[in-house]
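Chemist: Quick one, what's the 3D model for this:
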Amino acid sequence: MTKDDRYKRLTDCSLCTKASDGIMVLYKQAKGFHAPSDKCTQNCMLFMLKGELLINSEEYPGTILRSGQFILQAIGSKLELLALSNVEYIIYWFNELPQICDIRFQKVLEMSEAPLTYTPLITIPRLSYLLNDVAEYLQEKEKPCGKFIELKCYELIYILTCYYPLPQLSIFFYPISRYTESFHYFVMQNYDKVKNVEEFAHLGGYTTTTFRRLFKNMYGEPVYEWILNKKREGILQDLQYTKQRITEISNRYGFDSLSHFAHFCKASFGDSPRALRTRAAKGEILQMPAKQDNKSSEE
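Modeler: Coordinates of the predicted model:
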């Protein structure tokens, strides 16, 4: 038995329901490889294993990332890559960080602040052992086990939060809160000003596909369903607590006609706008139905 045979996985994971392409991906790129600037649809950490990679983002403009260095890019941020040599790197994609030591990470968030300049962090030996082990595993012919990778992600975040100084971590993790807050602010400021998802995406400078994926990752539901439910909430609030005319409310939420608005209210709340307002005037508290069928209410 050769050394390679001793380290060979003895199970076929390809048909297992836990098998996954993973949230950790190993990339091997030849010199000259170029990934154009594009918005990240998830948070990600990029760990360099070999070579030199030129990265360009708001946090790391024109930065050369070398073996043993790593960075974090938040959801919604733009990232461009250019391989200056043959490179190997791991990207870890995530929406929320898997936590073992919540107390330590809370301290990181409390100290989180924007630096004058961002500097890549250096992998300590314990982190290097983990990354090299994960890289070897991802190179195996068998499909990665999603659950096993999840465990490695817990280990990764534990090492980061518990073995690196708080001042370094407060800067490293700052982009997560900044981009999350800015995207959320954009959504809340503009959702009632757009008529469809395409218009919403264009307003923020996103492609429709990227915006849908970004939104789903952050809010946990499709953007169109979320917009409809927000409109429903706003309409009930206006009918209940304001003296705005029905026409004004209809125009505010982008309906083309009063009949379209009335149909929407009937489908959503079981009554016309005027009937809903009459019920509210009699003291009834208008409430959202427990479950909505958004497929029949497209605008």
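Chemist: make it CA atoms for all contacts and neighbour counts henceforth
Modeler: Will do.
Chemist: can you tell me the average pLDDT over stretch 250-263?
Modeler: Averaged over stretch 250-263, pLDDT sits at 89.
Chemist: do stretch 48-58 as well
Modeler: pLDDT averaged over stretch 48-58 gives 96.
Chemist: Please apply the same query to stretch 147-156.
Modeler: On average, the pLDDT along stretch 147-156 is 92.
Chemist: cool, stretch 87-95 as well?
Modeler: For stretch 87-95, the mean confidence score works out to 93.
Chemist: Enumerate the positions of it that are buried.
Modeler: Within stretch 87-95, the residues that count as buried by 16 or more other C-alpha atoms under 10 Å are 87-94.
Chemist: Give me the subset of those residues lying in strands.
Modeler: Counting by DSSP state E, the part of the buried residues of stretch 87-95 found in strands is 87-94.
Chemist: For the helix or strand hosting Pro36, list every residue counted as buried.
Modeler: Secondary structure assignment for Pro36, by DSSP states H and E: strand 34-39. Neighbour counts using 16+ other C-alpha under 10 Å place 34, 39 of strand 34-39 among the buried residues.
Chemist: Run through the stretch 1-150 of the chain and note the low-pLDDT ranges.
Modeler: Confidence mapping of the stretch 1-150 of the chain against pLDDT under 70 gives the ranges 1-7, 12-22.
Chemist: which residues in it form helices?
Modeler: 3-6, 102-111, 125-138, 146-163 (DSSP state H, counting those that start in this stretch).
Chemist: Could you list which residues are in contact with the residue nearest the centre of the chain?
Modeler: Centroid-nearest residue in the chain: Gln42, 3.6 Å away (criterion: C-alpha atoms, centre = their mean). Shown in contact with Gln42 (C-alpha atoms under 8 Å, 6 or more residues apart in numbering): 74-76, 93-95, 214, 217.
Chemist: ok, now with 7 Å
Modeler: Contacts of Gln42 were listed using C-alpha atoms under 7 Å, 6 or more residues apart in numbering, and they are 74-75, 93-95, 214, 217.
Chemist: Bridge partners for Leu81, pull those for me.
Modeler: Residues in a beta bridge with Leu81, per DSSP bridges, are Ala35, Ile55.
Chemist: any idea how far Tyr185 is from it?
Modeler: Here Leu81 is placed at a distance of 28 Å from Tyr185 (C-alpha to C-alpha, to the nearest Å).
Chemist: likewise Tyr224?
Modeler: With the distance defined as C-alpha to C-alpha, Tyr224 ends up 17 Å from Tyr185.
Chemist: now do Arg252
Modeler: The gap separating Arg252 from Tyr185 is 20 Å, by C-alpha to C-alpha.
Chemist: what does Phe33 give?
Modeler: For Phe33, the distance to Tyr185 equals 35 Å [C-alpha to C-alpha].
Chemist: out of the two, which sits in the busier spot?
Modeler: Using other C-alpha atoms under 10 Å as the criterion, Phe33 and Tyr185 rank with Phe33 on top: 16 against 11.
Chemist: Now for the nearest residue to that one once chain neighbours are set aside, how many residues are close by?
Modeler: Leaving out its chain neighbours, the residue that sits closest to Phe33 by C-alpha to C-alpha, 6 or more residues apart in numbering is Ala83, at 5.2 Å. Number of residues near Ala83 (other C-alpha under 10 Å) recorded here: 21.
Chemist: Kindly report the same for His260.
Modeler: As a burial measure, His260 scores 14 neighbours (other C-alpha under 10 Å).
Chemist: Can you pull the poorly scored residue ranges out of the stretch 151-299 of the chain?
Modeler: In the prediction, the stretch 151-299 of the chain carries residues with pLDDT under 70 at positions 290-299.
Chemist: Enumerate every residue touching Tyr118.
Modeler: Residues near Tyr118 by C-alpha under 7 Å, 6+ apart: 59-60.
Chemist: And it, how far from Glu96?
Modeler: From Tyr118 to Glu96 the distance is 22 Å (C-alpha to C-alpha).
Chemist: and what of Val25?
Modeler: Counting by C-alpha to C-alpha, the gap from Val25 to Glu96 is 17 Å.
Chemist: And these two? Which one has more around it.
Modeler: Each of Val25 and Glu96 has its neighbours counted (other C-alpha under 10 Å); Val25 has more, 18 against 11.
Chemist: pretty sure that one is touching Glu88, no?
Modeler: No - applying C-alpha atoms under 7 Å, one finds Val25 not in contact with Glu88, separated by 10.6 Å.
Chemist: picking up where we left off before, got JSON lines for the buried residues of stretch 87-95, with distance to Ser257 too?
Modeler: Formatted as JSON lines, those follow (distance: C-alpha to C-alpha, whole Å):
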{"residue": "Val87", "distance to Ser257": "58"}
{"residue": "Glu88", "distance to Ser257": "57"}
{"residue": "Tyr89", "distance to Ser257": "55"}
{"residue": "Ile90", "distance to Ser257": "53"}
{"residue": "Ile91", "distance to Ser257": "49"}
{"residue": "Tyr92", "distance to Ser257": "48"}
{"residue": "Trp93", "distance to Ser257": "44"}
{"residue": "Phe94", "distance to Ser257": "43"}
